[in-house]
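In: structure, please.
(one chain, ligands or ions: 2)
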Amino acid sequence: MDAGNLLPLAVEIAREAGDLARRRREDGVAIAATKSTLADIVTEADREVEDLIRARLAEARPGDGFLGEESGVEEGTTGVTWVVDPIDGTVNYAYGIPHYAVSIAAVTGEVAPGHWTAQAGVVFSPAAGELFRAARGAGAWLGERRLSVSTPSDAGALLATGFGYDPATHGPDLDRVRRVMPAARDLRRAGAASLDLAYVAAGRLDGYFERGLHPWDHAAGGLLVIEAGGTLWGSPGGAPGRDMTIAGSAGLVERLRILIEG
Ligand code: IPD
Ligand code: CA
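Out: Ligands and ions are numbered 1, 2, ... in the order given. Model prediction:
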């Protein structure tokens, strides 16, 4: 598999998709529907941006599979599947907070975290004009800068996390925050998991943990962390997933895992 061909395509489409999201945001955003809970929203822009990404990929690589947050799964014939979150950070987007991203990954193998091999990943923040990219074995990059995860100082780790949309999960999420705070210098909840992972890759955050992620939340960002020399751990089965995702340097991930598991 030549990941070299997949990354430029992901970069080109992420830029076009991000520009569309930014223009729609400037026009004004309306919530189109609620999903799993009242807090879990989708805007017309989420759907339009995903449609654009899906159409561009179908034009460029007609046999590939697709897994997108808004339009679901379609099996392919080439062994490559694109895992896409058209707008990660939808609540930020709807409120006018410019911290949101387009996340596009190309994976091979079974389309399940822990079974797939991520070949290429892009996380594009249109409002910041920052495009984080990685290809398997070729490092993680922001522009000309090769990215590398950080090692926390004696002051503790700058951590990020997120909370699920289901109010029933908030109590356990907050208990988990209490357990990790002894390792933290401070904690961020910025609202876009793909950017949390990209920031870990860039050393802007020392570590990140969250329960409840979907494949499209971490497929591209997870590759960024690994290609930046970091560790990505999760459960079930050690792969990032619904039960837990932890990212950072190997030592920090192990410390967080022990604290989180109590
Ligand atoms: C959400 C964001 C958020 C995270 C949630 C995700 P969405 O994705 O990444 O930071 O805490 O778990 O579902 O709904 O904005 O695409
Ligand atoms: Ca989304």
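In: what sits against residue 257?
Out: 233, 246 (Cβ atoms under 8 Å, 6 or more residues apart in numbering). C-betas here are computed from N, CA, C, even on glycine.
In: try 10 Å this time
Out: With Cβ atoms under 10 Å, 6 or more residues apart in numbering as the criterion, the residues that contact residue 257 are 180, 209, 231, 233, 234, 235, 244, 246.
In: can you tell me the SS state at it?
Out: In three-state terms, and counting by DSSP: H, G, I helix; E, B strand; the rest coil, residue 257 is helix.
In: so where do the helices sit in the chain?
Out: 3-27, 44-60, 90-95, 170-180, 193-201, 215-227, 250-261 (DSSP state H).
In: for the ones you listed, which one ends up most surrounded?
Out: Mean neighbour count (mean count of other Cβ atoms under 10 Å) peaks for helix 193-201 among the helices of the chain, with a mean of 32.
In: got the angle between that helix and helix 215-227?
Out: Taking axes from the mean of the first three to the mean of the last three Cα atoms, to 10 degrees, one finds helix 193-201 and helix 215-227 inclined to each other by 10 degrees.
In: could you give the average pLDDT over helix 193-201?
Out: For helix 193-201, the mean per-residue pLDDT is 98.
In: what is the orientation angle of that helix with helix 250-261?
Out: On the basis of the same axes, to 10 degrees, helix 193-201 is oriented at 130 degrees to helix 250-261.
In: one step back: now the contacts of residue 257 in JSON lines, with pLDDT?
Out: Output for those, formatted as JSON lines (pLDDT from 0 to 100):
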{"residue": "180", "pLDDT": "97"}
{"residue": "209", "pLDDT": "98"}
{"residue": "231", "pLDDT": "98"}
{"residue": "233", "pLDDT": "97"}
{"residue": "234", "pLDDT": "96"}
{"residue": "235", "pLDDT": "93"}
{"residue": "244", "pLDDT": "97"}
{"residue": "246", "pLDDT": "98"}
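In: follow-up on the earlier one: of the helices of the chain, which approaches ligand 2 most closely?
Out: With Cβ to the ion as the criterion, ligand 2 lies closest to helix 90-95 of these, at 4.8 Å.
In: and that closest one, what other elements does it pack with?
Out: helix 3-27, strand 31-34, strand 41-43, helix 44-60 (3 or more Cβ pairs under 10 Å, 6 or more residues apart in numbering; DSSP states H and E).
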